[in-house]
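Visitor: Kindly return the folded structure for what I paste below:
(2 chains)
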Amino acid sequence: MSDAPSLLRLQRQMQARVLHGDDTLLVQIADNAGVGATRRARVYEDAYRLRLIEALGNDFAVLKAHLGAERFEALAASYLADHPSRYFSMRHVGTELSAWLSRHPVDRLAAQPHCAELAAFEWAQGEVFDAADSNIVVLGDIAGVPPEAWHRLRLQLKPAIRWLPLHGNAPAFVLAHSNDASMPAMTWREEPIMWLLWRRGFDVYWRALESDEAAALSVAREGANFGEICASLCAWHPDDAVALRAASLLKLWISDELIAALDFDQVAP
Amino acid sequence: MTHHGSALQGFGLGLRPQHYERILAGDCAVDWFEILSENYLVPGGRPLYYLDRIAERFPLAMHGVSLSIGSSDPLNRSYLRDLARLARRVQPRLISDHLCWTGVDGLNLHDLMPLPQTDEAVHHVARRIGQVQDALGRQFVLENVSSYVGFTHSRLAEWQFLSAIVAESGCALLLDINNVYVNSVNHGFDALDYLDGLPRHSVRQIHLAGHSQDAAGTGLLIDTHDHPVCDAVWALYAAALERFGAVPSMIERDDRIPPLDDLLAELDQARDIASRVTTVSV
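Guide: Residues are numbered from 1 along each chain as shown, chains lettered A, B, ... in the order given. Next up is the predicted model:
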């Protein structure tokens, strides 16, 4: 009675019980129904573990299917022990999972880098799903670009886009999972391929980028003008083919709904 | 936009993504929807698209789980700003969260953790509700939670604790009838004492939900929101309406979400009880 804990102390004790099974809370728990302090506290311990592991299982459904529920739950519990949530929303709890996986072997059976890439790919899908909305440039908007402005035209990419260099075949796993098909064999290549994920309507799309497209899109994202985008293609194409390739890429990006705006500042006469 | 400033009236449901299309199809006998605020604190995409369209047709209440009003940590100002921004977008009739804490020292347990029912906690929570009401520019609505532990140094009954916070902060109450029932079993008190002890004119909204038995066989009830409302909770709902009048009421289902028609049928039960109780009262 005389040493009633402060609110802060009690909260630290209860949090330590939930996260680490610390015993100091138990003496503070009243039990007027014969249930027992340990069992009462256990409700919160179980709820925490089950709720967060379920949330991770939803966000990384393919990784879970790949590993099997039991191994995934062990992995998730281990991740949560290293990364207790500091986020207001459970939506963000898996933010560090891919990076964590790249440092921590799942177990002897799992291919660790592949699992890390799969987690990164699934996380990117989630980020694209509810990324900020934006305007969409359509092919007809190109007609509004004056011929003399093309060299200074800059493409504003929409926010619902992510890039991911992948050595393995994580997208094939995601596709197999969504088709209820069996998982493919893992493949791994020395040089990564750049994958693009983006939202069109409410659906998330992805595709592998050719090297020249990855380079052009990369400089476009950094704010390069169309002349500079064309220059970035010179490493792959002869000079007389660059303009045609740039135009076809621009058409592809617009039909994929990747472009939010065409910027060409008017020059004073 | 058109609903700003009005009070909720009638019978509502928790808005769940599984029901978006059916709701927008236009044959949904619901007076309002309650949204889980955190589901829409996102930059864009499908959730906000549907929210905007549903907000055009139905009054909304915003219900959060992340305010952590009882935590010893400072209030999360960034979260409060996001909440205020969402409120400007959907113009909710009311904004609520739970009488609980969700973490301390920067961590989040993502659960509604119980508070000791002490004077210290009353003053602490009331002071923070004042800050929330200032930030949101409106009266805040506080919901009672289910709990599985009580504390030896609690000096107030749960209803006294709630009443003291209401008196000191000027907030209103969202009364979760299921949580009252669950706690009456888990902590061994009379649920009618609870209802009798609450400030009569502070209850702005009622939640009705289902619960589960503790799988460990302890007799504890767990607030799972994955079952229909049970008979004991319906009876307590009638008792609440007798005391508090025609309070806007809703079914809250968060897991094992059934087809919309099942929830509408459950909501009709609430309507029937309210109609009967109102008739008796008059």
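Visitor: Next, count neighbours for the nearest residue to A:Ser6 once chain neighbours are set aside.
Guide: Spatial nearest neighbour of A:Ser6, chain neighbours left out: B:Glu120 (7.2 Å); criterion: C-beta to C-beta, 6 or more residues apart in numbering or on different chains. The way it works is simple: take the backbone N, C-alpha and C, and place the C-beta from them, glycine included. The number of residues packed around B:Glu120, counting by other C-beta atoms under 10 Å in any protein chain shown, is 16.
Visitor: Okay, and B:Glu120 sits in which element?
Guide: Element membership for B:Glu120 (DSSP states H and E) is helix B:119-136.
Visitor: in that helix, what's buried?
Guide: Under the neighbour-count criterion of 16 or more other C-beta atoms under 10 Å in any protein chain shown, helix B:119-136 has B:Glu120, B:Ala121, B:Val122, B:His124, B:Val125, B:Ala126, B:Arg128, B:Ile129, B:Gln131, B:Val132, B:Gln133, B:Leu136 buried.
Visitor: Repeat that for stretch B:242-257.
Guide: B:Arg243, B:Phe244, B:Val247, B:Pro248, B:Ser249, B:Met250, B:Ile251, B:Glu252, B:Arg253, B:Ile257.
Visitor: Return the closest of those with respect to chain A.
Guide: Proximity of these to chain A (C-beta to the nearest C-beta) peaks at B:Ile257, which lies at 14.2 Å.
Visitor: where does the closest one land in three-state SS?
Guide: coil (DSSP: H, G, I helix; E, B strand; the rest coil).
Visitor: coming back round to it: pLDDT on the helix holding B:Glu120, on average?
Guide: When pLDDT is averaged over helix B:119-136, the result is 98.
Visitor: Flag the shaky bits of the stretch 51-200 of chain B, pLDDT-wise.
Guide: Within the stretch 51-200 of chain B, no stretch has pLDDT under 70.
Visitor: what are the ranges of the helices in it?
Guide: Per DSSP state H, counting those that start in this stretch, the stretch 51-200 of chain B carries helices over the ranges B:77-90, B:119-136, B:158-169, B:177-187, B:191-197.
Visitor: so the residue nearest to A:Ser6 touches A:Leu8, yeah?
Guide: No: with contact defined as C-beta atoms under 8 Å, B:Glu120 does not reach A:Leu8; the gap is 9.9 Å.
Visitor: In helices, which of the buried residues of stretch B:242-257 fall?
Guide: When the buried residues of stretch B:242-257 are checked against helices (DSSP state H), the matches are B:Arg243, B:Phe244.
Visitor: Give me the local confidence score for B:Gly217.
Guide: Listed pLDDT for B:Gly217 reads 88.
Visitor: tell me which element it is part of?
Guide: B:Gly217 is part of no helix or strand when elements are defined by DSSP H and E.
Visitor: Contacts only, for it.
Guide: Going by C-beta atoms under 8 Å, 6 or more residues apart in numbering or on different chains, B:Gly217 touches no other residue.
Visitor: Just read off the phi/psi values of it.
Guide: For B:Gly217, the backbone dihedrals (degrees, to the nearest 10) come out as phi 80, psi 20.
Visitor: Please apply the same query to A:Phe202.
Guide: According to degrees, to the nearest 10, A:Phe202 has phi -110, psi 0.
Visitor: surely it meets B:Leu48?
Guide: No: contact criterion C-beta under 8 Å: A:Phe202 and B:Leu48 do not qualify, at 10.6 Å.
Visitor: And the two? Which one has more around it.
Guide: Taking other C-beta under 10 Å, A:Phe202 and B:Leu48 do not tie; B:Leu48 has more neighbours (21 against 12).
Visitor: where's that one, which helix or strand?
Guide: Judged by DSSP H and E, B:Leu48 forms part of helix B:46-57.
Visitor: ok, and for that helix, which residues are buried?
Guide: Buried residues in helix B:46-57 (16+ other C-beta under 10 Å): B:Arg46, B:Pro47, B:Leu48, B:Tyr50, B:Leu51, B:Ile54, B:Ala55.
Visitor: Just send these back as JSON lines, with distance to A:Ile142 too.
Guide: Converted to JSON lines, the buried residues of helix B:46-57 look like this (distance: C-beta to C-beta, whole Å):
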{"residue": "B:Arg46", "distance to A:Ile142": "29"}
{"residue": "B:Pro47", "distance to A:Ile142": "32"}
{"residue": "B:Leu48", "distance to A:Ile142": "29"}
{"residue": "B:Tyr50", "distance to A:Ile142": "32"}
{"residue": "B:Leu51", "distance to A:Ile142": "33"}
{"residue": "B:Ile54", "distance to A:Ile142": "36"}
{"residue": "B:Ala55", "distance to A:Ile142": "36"}
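Visitor: ok, and which of the residues you listed reach chain A?
Guide: B:Arg46, B:Pro47, B:Leu48 (C-beta under 8 Å from any C-beta of the partner chain).
Visitor: Just put those in TSV and tack on distance to B:Asp272.
Guide: Listed next are these as TSV, based on distance: C-beta to C-beta, whole Å:
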residue	distance to B:Asp272
B:Arg46	35
B:Pro47	33
B:Leu48	35
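Visitor: If we only consider those, which is nearest to chain A?
Guide: Once C-beta to the nearest C-beta is applied, the member of these that ends up nearest chain A is B:Arg46, at 4.1 Å.
Visitor: how about the residue lying closest to that closest one once chain neighbours are set aside, what does it touch?
Guide: Using C-beta to C-beta, 6+ apart and skipping residues adjacent in sequence, the residue nearest B:Arg46 is A:Phe202, 4.1 Å away. Counting by C-beta under 8 Å, 6+ apart, A:Phe202 touches A:Phe129, B:Gly45, B:Arg46, B:Tyr49.
Visitor: Same list (those residues) but as a markdown table, adding distance to B:Leu267.
Guide: A markdown table is the format used below for the contacts of A:Phe202 (distance: C-beta to C-beta, whole Å):
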| residue | distance to B:Leu267 |
| --- | --- |
| A:Phe129 | 30 |
| B:Gly45 | 29 |
| B:Arg46 | 25 |
| B:Tyr49 | 25 |
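Visitor: From B:Asn144, how far out is the residue in the stretch 101-250 of chain B positioned nearest to chain A?
Guide: Among the residues of the stretch 101-250 of chain B, B:His153 lies closest to chain A, at 3.6 Å counting by C-beta to the nearest C-beta. Using C-beta to C-beta, to the nearest Å, we find B:His153 at a distance of 20 Å from B:Asn144.
Visitor: Who has more neighbours out of these two?
Guide: B:Asn144 (24 against 16).
Visitor: Could you double-check that that one sits in contact with B:Glu158?
Guide: Yes: using C-beta under 8 Å, B:Asn144 is in contact with B:Glu158, at 7.0 Å.
Visitor: hmm, who's touching the top strand by length along chain A?
Guide: When chain A is parsed with DSSP state E, its longest strand is strand A:188-200. Residues outside strand A:188-200 that contact it (C-beta under 8 Å, 6+ apart): A:111, A:113-114, A:121, A:124-125, A:128-129, A:131, A:158, A:160-168, A:171, A:204-209, A:211, A:214, A:217, A:256-258, B:45.
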